[in-house]
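Enquirer: the following block contains a protein sequence and its predicted model.
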Amino acid sequence: MSLSFPMISRRAALGLAASAALPIGRASAAPLSLKVAYIPILSMAQLFVVVSEGWATEAGLDLQLTKFSSGPAMVQALASGGYDVAYIGIGPVMVARASGLDFRVVAANGVGQGSLLGVGDFATGFAAAGTPAQAFAAFHKATGRPVRVATLPKGSVPDTVLRYWLDEVAHIAPADVQVLGMGEDRVQQALLAGSADAASALEPIITVVQERVPSARVLATGNQMFPNQPGATLAVRETVLKANRAAVETLVRLHVRATKLIKADPARAAIDTQKVLGEGLISTETLEHAYRSPTIGVEANPHAIADATEKLGAFQMKIGALARTVPNAELFDMSVYDGLPAGAK
């Protein structure tokens, strides 16, 4: 199927939302165009499945996809008002909401998805050290420089989780580590080139690097770094939610359906994902391995990340990544997920 969608203006999209009298999903209903911002990582897997399986088209949704290199970069674009839906990390959603953008989380994508991946001498020495702090200090002493850890820009979930682990869990001396914020593609390149010693990363980076670099190993899992770590989410602009709630309910129902497919059939999910990410960039075999990895943590229920989100938000405030505290009641709209039929969850 073609993944090239006709572009219409936001005003036109909202006009369709307001005028659609028939329920979304009926063949006679006019398609509702939704502009969707996303990051091309497996944390956004549900979107790839929904699009590639053709479920959105069948349900009367015309999803227009635009990819971004990171959540913080996406937040800047969301501020323009040009997007209706965002597949985005919970950290950037909080940043967006704290800045006055009217996005609400209606579903989760996963839990515990980010991990600390090490390569080269640092990864080899990490296991031999008594504690993570000792491993960082020993590397610094041996090389004369701090451990270089790549991650996404400040405000992203991988960056926030990394800083939480460094400060609150592993108690790494600031002089022993250098955090390098960059786009998702560059994180993988830095690990493969050896210009970073470790990374707070997501799939498929974790699997790709482990396949290509013999020394690569997971040094700390997502839940070791931040218990019940909240990850990517499905967020919707409130104006869209109010103008056509049926469309949002349909998208969330398909999102949950995709979550079930990913868990039940990783091979099929890998084929679906490659259709969106592009053939030749990553093999279906690698994608399938990533979907079978414990680091993928696929989960659609927004309640599963609520408590940990409050804790993450408090830490974001502590490190200056949030302008203000964003209560869960303001950040989440649980009613869409909760309103789904029992058999659809």
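Expert: Arrived safely.

Enquirer: for the stretch 151-300 of the chain, what spans make up the strands?
Expert: 177-181, 198-201, 217-220, 232-237 (DSSP state E, counting those that start in this stretch).

Enquirer: of those strands, which approaches residue 95 most closely?
Expert: strand 232-237 (11.7 Å; C-beta to C-beta). Backbone N, C-alpha and C define where each C-beta goes, glycine included.

Enquirer: please identify the pairing partners of the closest one and their relative orientation?
Expert: strand 85-89 (antiparallel), strand 103-108 (antiparallel) (DSSP bridges).

Enquirer: quick one: contacts for the closest residue to residue 104 other than its chain neighbours?
Expert: With C-beta to C-beta, 6 or more residues apart in numbering as the criterion, residue 104 has its nearest non-adjacent residue at 4.2 Å, and that residue is residue 333. Counting by C-beta atoms under 8 Å, 6 or more residues apart in numbering, residue 333 makes contact with 104-106, 236, 241.

Enquirer: apart from its chain neighbours, what residue comes closest to residue 302?
Expert: residue 108 (4.9 Å).

Enquirer: tell me the contacts of the one you found?
Expert: 230-234, 299-302, 304-305.

Enquirer: which one of these sits closest to residue 50?
Expert: Nearest to residue 50 among the contacts of residue 108 is residue 234, at 10.2 Å by C-beta to C-beta.

Enquirer: how many other residues sit next to that closest one?
Expert: Applying other C-beta atoms under 10 Å, we find 29 residues neighbouring residue 234.

Enquirer: what sits closest to it if chain neighbours are left out?
Expert: Of all residues not flanking residue 234 in the chain, residue 107 sits nearest, at 4.2 Å (C-beta to C-beta, 6+ apart).

Enquirer: and residue 294, by the same measure?
Expert: Closest residue in space to residue 294, ignoring its immediate chain neighbours: residue 221 at 7.4 Å, by C-beta to C-beta, 6+ apart.

Enquirer: report pLDDT for that neighbour.
Expert: Note on residue 221: pLDDT of 94.

Enquirer: farthest-separated two in the contacts of residue 333?
Expert: The widest separation within the contacts of residue 333 (C-beta to C-beta) is 11.1 Å, between 105 and 241.
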